Structure formats: C-alpha cells, structure tokens
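Asker: Only the shape, not the letters, is given here:
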C-alpha cells in the first residue's frame, strides 16, 4: 500500500476518533427503579435514560424509556442537587410540573426531546434563582450536580406521588481500547477498498 495512502488512512482514523471530543457532547445515563427512590419502594417498574449535553451550545437532549409502573405517570423531571452522591432527595431543576411532552397517564412509554438550556422555559425558576439567578449559572450548577452524582431523573405516578422510579445520572463509560482498535481497523478497510477501486479504474 503506498505510503501516502497509509498516512491518509491514519489521519482519517485519528480525525474520526477526535470527532466526539470536538463536538463537546457529554453523555450521562441512568437506570431507573423503585428501590432507587428515597425512601425505596417495591415498584416493579424499570426505566433507562440518556442525557446528551453539549457544553458549548448549551443544548441538552433527554431520552428516556420506562415500563411496568404500578401507577399512571403524572410528571417527570430532573432533581438536583442532593447533598450526598446517589442518596437523598433534592428540588426540581427542570420545567414544572413536568418535562414538556412527557407521556402522561400511562404505565410505559418513551421520551426524546432536546432543550435549549439558555431559555428560562427549560428550567424550574426556583432552581435558577437558587443558583446565581441566570440560566448560565443554573447550567453550571446542574453540570456540577450531574458530574458529582447528585442529580437524578424522577418519574412520578398516581401510586407514588413522590416518585415511582428514579435513577442518578452517571457518566457514560468510555469505550474500551478494543473498540477503538475495531474502529481503526474498519476505517483502514474502507480506505483500502476505496484505494483498490481507484487503482482498478486507472
């Protein structure tokens, strides 16, 4: 394989690996359950959540799914910030009474919406006022709370007014080195195929 092509393939692989960092997206995940509530409950309900936060554009995408609730959903929001990581309760940081468009009156559902965190409508005004008085300072406080394991997604229902299932947000694990190796191998294969096609057409 020509040296110039090899250099180009390596450069493309490195660029691909750097793309997530350049985007400044940080992903947090949570596993929701009744035993995670405070106090814990015996709900058979379960759920999962993924928060994709762009620290440059101040956008926050909220993806969630849940099923098996005993009660029908009434509201859902992020609470922040507890005094202890992974424990206790905190006030609501996001819109009241619930995330706009979150499934209501159901025992299972999915949700996917992106919020502009520079807009006051993306917040509980009490959280803004308690954290510097601006959406920017509130965003910093929320990021600090999530990053330290002191923020959680809570789904409330008719059976559990204080929350039927919840989960603390944690940083999504970084892919193992083997994953990056597979990415590099895949990029090299694509590049080699393209090079062979160009040579055949010459």
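Answerer: All right, it came through fine. Small disclaimer: the values here were computed from a predicted structure and weren't measured.
Asker: can you pull up the bridge partners for the most centrally placed residue in the chain?
Answerer: For the chain, the residue nearest the mean C-alpha position is residue 51 (1.4 Å; CA atoms, centre = their mean). Residue 51 has these beta-bridge partners by DSSP bridges: residue 28, residue 62.
Asker: Which neighbouring residues are in contact with residue 62, exactly?
Answerer: With contacts defined as CB atoms under 8 Å, 6 or more residues apart in numbering, residue 62 is in contact with 49, 51, 99, 111-115. Just so you know, the C-beta spots here come from the backbone N, C-alpha and C atoms, and that holds for glycine as well.
Asker: next one: residue 112
Answerer: Per CB under 8 Å, 6+ apart, neighbours of residue 112: 61-64.
Asker: all strands for this protein, in order.
Answerer: Secondary structure of the chain (DSSP state E): strands at 25-33, 46-54, 59-67, 73-80, 109-116, 151-157, 165-168, 170-171.
Asker: just to revisit the earlier point, where does the residue nearest to the centre of the chain land on pLDDT?
Answerer: We have a pLDDT of 98 for residue 51.
Asker: so it sits right up against residue 59, yeah?
Answerer: No. Using CB atoms under 8 Å, residue 51 is not in contact with residue 59; the gap is 10.9 Å.
Asker: pLDDT wise, what is the closest residue to residue 68 other than its chain neighbours at?
Answerer: Leaving aside its chain neighbours, residue 68 sits nearest to residue 45 (4.4 Å; criterion: CB to CB, 6 or more residues apart in numbering). Residue 45 carries a pLDDT value of 98.
Asker: mind listing what residue 45 touches?
Answerer: 32-34, 66-70, 107, 155, 164-165.
Asker: out of the residues you listed, which are buried?
Answerer: Buried members of the contacts of residue 45, scored by 16 or more other CB atoms under 10 Å, are 32-34, 66, 69-70, 107, 155, 164-165.
Asker: Farthest pair within the residues you listed?
Answerer: 33 and 107 (14.7 Å; CB to CB).
Asker: With pLDDT and distance to residue 147 as extra columns, can I get the buried ones among the contacts of residue 45 in JSON lines?
Answerer: JSON lines is the format used below for these (pLDDT from 0 to 100; distance: CB to CB, whole Å):
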{"residue": "32", "pLDDT": "98", "distance to residue 147": "19"}
{"residue": "33", "pLDDT": "98", "distance to residue 147": "22"}
{"residue": "34", "pLDDT": "98", "distance to residue 147": "26"}
{"residue": "66", "pLDDT": "98", "distance to residue 147": "24"}
{"residue": "69", "pLDDT": "98", "distance to residue 147": "29"}
{"residue": "70", "pLDDT": "98", "distance to residue 147": "32"}
{"residue": "107", "pLDDT": "98", "distance to residue 147": "32"}
{"residue": "155", "pLDDT": "98", "distance to residue 147": "22"}
{"residue": "164", "pLDDT": "98", "distance to residue 147": "26"}
{"residue": "165", "pLDDT": "98", "distance to residue 147": "23"}
